[in-house]
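Engineer: quick one, what's the 3D model for this:
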Amino acid sequence: MELSNELNNFLKEYSEYETDILKPTLSEINVCLKKMSKSEFWNKYTTSKGVATPSPIRQIMSRIKQPEKVVEKIFRKYKLFPDQLSSKSFKKMHDTIGLRIIVYFSSQLSLVDRELRNSSFFELSDTTPPEAFFEPEKLVRLGLSHIENKQKDSGYTSIHYMAKLKSSSFLSSECPVFEIQVRTLAQELWCELEHVLSYKPETRPNLSAKRRFQILSRDVSVIDEHFNLLYEELIHNQEIVQYKDADILTFENIPKVLLEIGIQCALTELNPIIKTLFSREIKTVEKFLRIATPLRLTTIRNNFVSITGHAPNNIEMISTLSILNNAESKDTEIEQIKAHIHFQNLNSIKS
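Structural biologist: Take a look at the predicted model:
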């Protein structure tokens, strides 16, 4: 009975802490994450002119730790929480708020690491340094040897950071430390499937299962490496590519072609841009530059601002340009631009 009352009081305290501190803090964090998820945020890391912006963020997830998970962690790691079912325990816990940043390729882990260490949003913990669950040689290759290396029997791979907000509505002493996990899309796939299979070496010491998970982890790491090599090859080709007017638009040359009309595209925009242009039979450098005149670009921007209240993003600009391939007169062109903007705006509202 005494334990039950203690638990109920603890859960009530945690619920109040969640409402008063955790949820408002997470809202502040999400404002920062929204900025980080935008392609233009990463323009500063573009390697050279005519190369696509890295735009590494595939997905960002956040959560507040469930009460039962908090209690379970306190009892499981009782040495870390000597106060047991007390508010001191959950205030001391560094993962009551958890963030997960998923990047596309392994070399982008270095990019996110650099950003987090120099972030205007987050301050990394001095007392709990980052940990990388990686093969040591891979950390060296990625330029991440400054991060403490750890290993898990299952083959789990990820980088963990502990951080606080630099600017918050709460006092620094009240602002909770939160955990940021960063991993690649391939590593996230492995983690999701491992979670579904509920494999935990400490609770299921099955040597056969342990061995298979380790093999799968290595296989995923190899796949990660191959995709990263393809990514780095693409960036290299964008840096050195030369093109002629008659050349077909490709993933390699289109960043430089777009730069001619003042558009710095993101890596994640290449596929939708090329698909849009090809669907309108705009397949060569010459044909694209012929329709992308300064006057048309200005007209599209002005009409976007007038109709939607904002300037067009790169996809919206290219999509609108592409419909002007066969415009027969200035009046027809203006009508097509306005109709297309209304159509895109309607679709964005629905989505």
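Engineer: can you tell me how far the residue most central in space within the chain sits from residue 301?
Structural biologist: Among the residues of the chain, the one closest to the centroid is residue 57, at 2.2 Å (CA atoms, centre = their mean). Computed as CB to CB, to the nearest Å, the residue 57 to residue 301 distance reads 26 Å. Yep, even glycine has a C-beta here, placed from its N, CA and C like the rest.
Engineer: walk me through the domains of this protein.
Structural biologist: Listed by automatic domain parsing, the domain ranges of the chain are 2-226, 254-350.
Engineer: got those domains as JSON lines, with mean pLDDT and distance to residue 235 columns?
Structural biologist: What follows is these, written out as JSON lines (pLDDT from 0 to 100; distance: least, CB to CB, whole Å):
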{"stretch": "domain 2-226", "mean pLDDT": "91", "distance to residue 235": "6"}
{"stretch": "domain 254-350", "mean pLDDT": "92", "distance to residue 235": "8"}
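Engineer: distance to residue 244 added to those domains, as CSV?
Structural biologist: Listed next are the domains of the chain as CSV, based on distance: least, CB to CB, whole Å:
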stretch, distance to residue 244
domain 2-226, 15
domain 254-350, 7
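Engineer: burial count for residue 307?
Structural biologist: Residue 307 has 14 neighbours, counted by other CB atoms under 10 Å.
Engineer: would you agree it is in contact with residue 343?
Structural biologist: No: taking contacts as CB atoms under 8 Å, residue 307 lies outside contact range of residue 343: 10.8 Å.
Engineer: so where do the helices sit in the stretch 151-300 of the chain?
Structural biologist: Ranges of helices in the stretch 151-300 of the chain, per DSSP state H, counting those that start in this stretch, are 185-196, 207-240, 254-260, 270-279, 285-291, 294-308.
Engineer: figure out which of those helices is closest to residue 329.
Structural biologist: Set against residue 329 and scored by CB to CB, those come closest in helix 294-308, at 13.3 Å.
Engineer: what about that closest one, distance to the chain center?
Structural biologist: Distance of helix 294-308 from its chain centroid, counting by CA atoms, centre = their mean, to the nearest Å, is 30 Å.
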